[in-house]
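Student: I'll drop the sequence and a predicted model, then ask my questions.
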Amino acid sequence: SEERHRIIADLTNDFVYSALIHDSKISIKWKSGSLEKLAGYEMHEINDKAIGWYSIIHEDDLENIVFPAIINLPREKIQNIEYRILTKGNKEKWVSDKLRLISDDIERDKMEVIGAIQDITTRKTVNIALDQSKKYLDSIIDNLPIGLQIMAKPFDEEMLLRVASAYENQTDWHKRKPEL
């Protein structure tokens with residue numbers, strides 16, 4: 001029933017929609033779910049903008065990700081696009097937009113799509129931070145000295161071997177081989 005559908009839509013964080021792409025504008029025909037929670041806009045506010053949904057997509061992502069994906073949207077396949085939007089409060093959010101072409105005309109200047117958009121901001125923020133940490137740690141490792149000398153008092157080889165063993169247990173330097 002319609003009431004159950006509304007309850008399910010309220011329980012999910014996804015924004016499910018049907019949209020018409022025509023004359024460089026994407027207009028939402030119907031929606032259910034969390035458009036207001038996601039972007040802070042009502043459907044009519046987005047449709048009233050000059051280029052509809054496109055107007056809240058981050059400028060760089062619109063040109064480099066969304067437009068190329070829409071132009072090459074495969075028939076009868078689900079396309080997943082990740083991009084940033086700007087909310088009504090001008091906050092940047094990452095979204096995953098899974099959409100499918102439902103109908104189009106021969107020239108593809110008029111297309112109907114059905115899709116689901118999910119907020120992936122937390123996941124993207126964590127992944128970006130992990131990538132930055134990895135690059136930082138890799139730069140430290142790449143700049144470590146190529147040799148290590150461990151010294152001890154005369155006839156204290158036992159301590160020397162314990163230190164060397166502890167070092168090997170904590171690193172993998174002894175397993176690495178130079179590229180030839």
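Tutor: Right, received. Where do you want to start?

Student: low-scoring stretches of this structure, by residue?
Tutor: Along the chain, segments meeting pLDDT under 70 span 1-2, 5-6, 9-10, 13, 33, 106-108, 145-146.

Student: how does it look with 80?
Tutor: Within the chain, the segments meeting pLDDT under 80 span 1-14, 23-24, 32-34, 71, 75-76, 104-109, 141-148, 172-174, 176-180.

Student: now the helices for it?
Tutor: Listed in chain order, the helices of the chain (DSSP state H) span 2-11, 35-39, 43-47, 59-61, 67-71, 121-142, 157-170.

Student: out of those, which is the most enclosed?
Tutor: Of all the helices of the chain, helix 35-39 has the most neighbours on average by mean count of other C-beta atoms under 10 Å, namely a mean of 18. All C-beta atoms are positioned from the backbone trio N, CA, C, and that covers glycine.

Student: could you double-check that Trp53 sits in contact with Ile26?
Tutor: Yes. In this structure, Trp53 is within contact of Ile26 by C-beta atoms under 8 Å, at 4.3 Å.

Student: who touches both of those two?
Tutor: By C-beta atoms under 8 Å, 6 or more residues apart in numbering, Trp53 and Ile26 have these common neighbours: Ala19.

Student: sorry, back to before: redo the helices of the chain as TSV? Include distance to Lys98.
Tutor: Below are the helices of the chain laid out as TSV (distance: least, C-beta to C-beta, whole Å):
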stretch	distance to Lys98
helix 2-11	16
helix 35-39	14
helix 43-47	19
helix 59-61	16
helix 67-71	11
helix 121-142	15
helix 157-170	44
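
Student: so for Ile21, which of these sits nearest?
Tutor: Smallest distance to Ile21 across those (C-beta to C-beta): 6.5 Å, for helix 67-71.

Student: before we move on, the earlier item: to Leu101, which of the helices of the chain lies closest?
Tutor: Distance to Leu101, taken as C-beta to C-beta, is lowest for helix 67-71 among the helices of the chain, at 9.3 Å.

Student: could you measure from Trp94 over to Leu38?
Tutor: 11 Å (C-beta to C-beta, to the nearest Å).

Student: overlap in contacts, those two.
Tutor: Asp119.

Student: follow-up on the earlier one: out of the helices of the chain, flag the one nearest Ser103.
Tutor: Ser103 lies closest to helix 67-71 among the helices of the chain, at 14.4 Å (C-beta to C-beta).

Student: contacts for the closest one?
Tutor: Helix 67-71 has contacts (C-beta under 8 Å, 6+ apart) with 21, 79, 81, 108, 111.

Student: top of those by number of neighbours, please.
Tutor: In terms of neighbours by other C-beta atoms under 10 Å, the contacts of helix 67-71 top out with Ile21 at 22 neighbours.

Student: touching, it and Gly115? I think so.
Tutor: No. Here Ile21 does not reach Gly115: they are 11.1 Å apart, not a contact under C-beta under 8 Å.
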